[in-house]
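Enquirer: return atomic coordinates for the entry below.
(chains A and B)
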2 protein chains.
Amino acid sequence: MRKLNTTPKHDGFYMPAEFEEHDGTYMIWPERTDNWRYGAKYAQHVFVQIAAVIGKYENTTMLVNSSQYKNARAVLPEYVRVLEMSNNDAWARDTGATFVKNNAGELRGIDWEFNAWGGLQNGLYFPWDKDSQIAQKMCELEYADVYHVDNFVLEGGAIHVDGNGSVMATEACLLDEGRNPHLDKETVEQILQKYLNVEKVIWLKHGIHLDETNEHIDNICCFVKPGVVTLAWTDDTNDPQYQFSKDCYDILSSITDSKGRKLNIHKIHIPSPVIISKEESCGVDSVSGTKPRAAGDRLAASYINYYVCNGAVIVPAFNDPMDGQAKETLKDLYPDRDIIQIYSREILLGGGNIHCITQQVPKREIT
Amino acid sequence: MRKLNTTPKHDGFYMPAEFEEHDGTYMIWPERTDNWRYGAKYAQHVFVQIAAVIGKYENTTMLVNSSQYKNARAVLPEYVRVLEMSNNDAWARDTGATFVKNNAGELRGIDWEFNAWGGLQNGLYFPWDKDSQIAQKMCELEYADVYHVDNFVLEGGAIHVDGNGSVMATEACLLDEGRNPHLDKETVEQILQKYLNVEKVIWLKHGIHLDETNEHIDNICCFVKPGVVTLAWTDDTNDPQYQFSKDCYDILSSITDSKGRKLNIHKIHIPSPVIISKEESCGVDSVSGTKPRAAGDRLAASYINYYVCNGAVIVPAFNDPMDGQAKETLKDLYPDRDIIQIYSREILLGGGNIHCITQQVPKREIT
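Expert: Numbers count the residues shown, from 1 in each chain, chains lettered A, B, ... in the order given. Here you go, the predicted structure:
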């Protein structure tokens, strides 16, 4: 694994869209008891469910701390690969490598700086030393050379590309003071352009209300294909989410993508507010320095945090009347894929959802 | 990774010889301070040297405990892959998978039971829980299904195959009371035949004098190709090794291999006795339950513990007058490979040599 000092754009590499073909998926096993209730056992069951489903569509690898190796290996199906990799938490989207490839089908990885969504300023736990090594280690597993991006903090969930010259991101996240306070918007844009090899950065202002990632794009808006997006929505004008989503809609309606296309926007209604129960809160260790999970807190529930793998879309369910509508909309938008909905409240309780815990490896060409 | 309940022989898989083409090599990073002197730093330097050389000939992966990941990654060359894998010590030959393949070029692994060369009876350290998981984990890395061999203890260094129907082993090791006291010689032979898919087991009585593995075959005798072997030798009739080597020679001269061939035997003289110095002994932590490294103890030095990779043979050197002769003999026997000698006293101080710390992955066919 070589460490590269150039940029993907310079070398003719770009980030393929998630909906393009994959070689496989990485996930990371949840374990920390100050984030996942009751020893992470409930969350682990849901991670098993999700890995078991994705593993039927493509190679799926679960990365796990050595302390949990035997348990993870025992409870995951044989067809899910289980490998040791030290980690602080289970967010493969955010700590994993962002993979890029070139037209010859070669694979490389980007290792952004990771600071637990805000570092000492407003990060969610401390330390994050193991998480910050995951992207590089993932590249080694894949025999992929790696671009280290020094002095630029970014998580995979903070960007969505269409594989065709455009990336989406939120200002709330990328310009937050916990990430890159030394950089202005223009510089951030240039870095994204050079590393993702895109021409256009589509800036939304906000993501999902109370999203602890500082409103990652991957919870609010997603490219279905170039020129087509899904957007988290609510008609309830009293919900703070209304203004957030409305702003997004207005921006998305008014701009064009890198190829000059107007965007086709599909609204997907969020579920009714999802609130942490007392029983749920009680199962989480209280550790100073880690974001508490307090009873009564609203969670950033959104169907947009779905994962697109080969042949399927894996979609959160909340046991909410909106579940079915989300599924129907996605069925229409992804007609060639199975739409599989998984009740994922346990992941939401930990601060994310299905997209946040998955990371795709784009399909290589075999030479 | 499926766990298979059949045997390689049943499924048409066999163990290729080490001299056949490889996909790559695994090694494990030395760390335990009760075996490797002065915090294992000297040994680590030699492991770096060896990995750096092998890595020039084929894909080389260093497996490392998370505690040493950063150091190993920093001191190994970029072209050596470094992956986390929990381990108790650094003997990839003995704890790694024994890989088998079929005529279609598919790869599978054998996971023998491992008990630290003798278990609670006469093993070399306790516990060995992490080591006993390495073979399976190596198979997962390789996407290889795995044969678990229950109730049969064996290490990779205890066998040498010619890839053509024959395996060699020593009675001193395979019939030692610390391995499989419940099995007689005939049953052991049947197990080897079923798992390695060989017809003939060539039994030598002894290996190298004082070899703490109970005299592994891979320190005394090696197949150069079918019908041709190298044998550790001494002309000093006062050295206890003389009778050991003489017995091997007599057996090897009198038998035929699985294909009815007489064996062509090439003697390689051992170096003068290699003795642990006081300074060396002083650098090793004293831990009850781990074999001590006492000043004055003789080590099981032999050139036969060489490793054959694609295009090269990596051979121990001892700064002994015999070094050159060993190299010349191997040059004649492996005319198409580079013969690279590495001063490996540090590995010997830990109880093995270059062959003991390497494990090949046979070449797959790409389908």
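
Enquirer: can you give me the strands in the stretch 201-350 of chain A?
Expert: A:221-225, A:228-233, A:264-269, A:274-275, A:298-299, A:307-309, A:312-317, A:338-343 (DSSP state E, counting those that start in this stretch).

Enquirer: which helices and strands does the third one pack with?
Expert: Secondary-structure packing of strand A:264-269 (3 or more CB pairs under 8 Å, 6 or more residues apart in numbering or on different chains; DSSP states H and E): strand A:228-233, helix A:240-254, helix A:322-333. C-beta here means a position set from N, CA and C on the backbone, and glycine is covered the same way.

Enquirer: in it, which residues are buried?
Expert: The neighbour-count check on strand A:264-269 (16 or more other CB atoms under 10 Å in any protein chain shown) flags A:266, A:268-269 as buried.

Enquirer: distance check, A:Glu346 against chain B.
Expert: To chain B, A:Glu346 is 26 Å away according to CB to the nearest CB, to the nearest Å.

Enquirer: got a list of contacts for the one helix or strand A:Thr60 maps to?
Expert: Per DSSP states H and E, A:Thr60 falls inside strand A:59-64. Identification of contacts with strand A:59-64 by CB atoms under 8 Å, 6 or more residues apart in numbering or on different chains yields A:23-29, A:31, A:47, A:51, A:54, A:72-73, A:76, A:79-85, A:87, A:92, A:134, A:138, A:141, B:143.

Enquirer: ok, of those, which come out buried?
Expert: Buried residues within the contacts of strand A:59-64, counting neighbours by 16+ other CB under 10 Å: A:24-29, A:31, A:47, A:51, A:54, A:72-73, A:76, A:80-85, A:87, A:92, A:134, A:138, A:141.

Enquirer: returning to what we had before: okay, the helices and strands packed on strand A:264-269, which one's buried deepest?
Expert: strand A:228-233 (a mean of 22; mean count of other CB atoms under 10 Å in any protein chain shown).

Enquirer: quick check: angle from that strand to strand A:221-225?
Expert: Using axes from the mean of the first three to the mean of the last three CA atoms, to 10 degrees, the inter-axis angle of strand A:228-233 relative to strand A:221-225 is 150 degrees.

Enquirer: partner strands of strand A:228-233, parallel or antiparallel?
Expert: strand A:221-225 (antiparallel), strand A:264-269 (parallel) (DSSP bridges).

Enquirer: flag every residue of chain A that's near chain B.
Expert: A:1-3, A:59, A:66, A:69-70, A:78-79, A:81-86, A:130, A:133, A:137, A:140-141, A:143, A:366 (CB under 8 Å from any CB of the partner chain).

Enquirer: got the helices and strands packed on strand A:264-269 as TSV, with mean pLDDT columns?
Expert: Compiled in TSV, the helices and strands packed on strand A:264-269 are given as follows (pLDDT from 0 to 100):
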stretch	mean pLDDT
strand A:228-233	98
helix A:240-254	98
helix A:322-333	98
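
Enquirer: list the contacts for A:Tyr255?
Expert: I think there's a mix-up here, since residue A:255 is Ile and not Tyr. Each residue near A:Ile255 by CB under 8 Å, 6+ apart is listed here: A:202, A:263.

Enquirer: now do A:Val53
Expert: A:312, A:314, A:340, A:342 are the contacts of A:Val53 under CB under 8 Å, 6+ apart.

Enquirer: what do you get if the cut-off is 7 Å, keeping everything else the same?
Expert: A:314, A:340, A:342 (CB atoms under 7 Å, 6 or more residues apart in numbering or on different chains).

Enquirer: most neighbours among those residues, please name it.
Expert: With neighbours taken as other CB atoms under 10 Å in any protein chain shown, the top of the contacts of A:Val53 is A:Ile314, carrying 25 neighbours.

Enquirer: just the C-alphas of stretch A:92-103, formatted as PDB.
Expert: Taking Å, rounded to 0.1, in the frame of the first residue of the first chain, the C-alpha atoms of stretch A:92-103 are listed here in PDB:
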ATOM      1  CA  ALA A  92     -18.000   2.400   8.600                       C
ATOM      2  CA  ARG A  93     -19.500   5.100   6.500                       C
ATOM      3  CA  ASP A  94     -17.700   7.800   8.400                       C
ATOM      4  CA  THR A  95     -14.400   6.100   9.400                       C
ATOM      5  CA  GLY A  96     -14.000   3.800   6.400                       C
ATOM      6  CA  ALA A  97     -12.100   4.700   3.200                       C
ATOM      7  CA  THR A  98     -13.800   6.600   0.500                       C
ATOM      8  CA  PHE A  99     -12.900   4.500  -2.500                       C
ATOM      9  CA  VAL A 100     -12.100   5.900  -5.900                       C
ATOM     10  CA  LYS A 101     -11.300   4.200  -9.200                       C
ATOM     11  CA  ASN A 102     -10.000   5.100 -12.600                       C
ATOM     12  CA  ASN A 103     -11.200   4.100 -16.100                       C
END
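
Enquirer: show me what contacts the spatially closest residue to A:Asp218 that is not a sequence neighbour?
Expert: The shortest distance from A:Asp218 to any non-neighbouring residue, by CB to CB, 6 or more residues apart in numbering or on different chains, is to A:Gly157 (4.3 Å). Shown in contact with A:Gly157 (CB under 7 Å, 6+ apart): A:93-94, A:213, A:216, A:218, A:355-356.

Enquirer: ok so, going back, from the contacts of strand A:59-64, which land in helices?
Expert: Among these, the members falling in helices (DSSP state H) are A:47, A:51, A:54, A:72-73, A:92, A:134, A:138, A:141.

Enquirer: show me the contacts for A:Ile110.
Expert: Counting by CB under 7 Å, 6+ apart, A:Ile110 makes contact with A:8, A:97-98, A:100, A:147, A:149, A:195.

Enquirer: in helices, which of those residues fall?
Expert: Of the contacts of A:Ile110, the ones assigned to helices by DSSP H are A:8, A:195.

Enquirer: among the contacts of A:Ile110, who's most crowded?
Expert: In terms of neighbours by other CB under 10 Å, the contacts of A:Ile110 top out with A:Ala97 at 28 neighbours.

Enquirer: isn't it right next to A:Lys137, touching?
Expert: No. Contact criterion CB atoms under 7 Å: A:Ala97 and A:Lys137 do not qualify, at 8.7 Å.

Enquirer: rewinding a little: out of the buried residues of strand A:264-269, which one sits closest to A:Gly119?
Expert: Distance to A:Gly119 across those (CB to CB) is lowest for A:Ile268, with 32.0 Å.

Enquirer: number of nearby residues for A:Thr33?
Expert: If you count neighbours by other CB under 10 Å, A:Thr33 ends up with 16.

Enquirer: tell me which element it falls in.
Expert: Assigned by DSSP H and E, A:Thr33 belongs to no helix or strand.

Enquirer: where does pLDDT dip in the stretch 101-250 of chain A?
Expert: By pLDDT under 70, the stretch 101-250 of chain A has no low-scoring segment.
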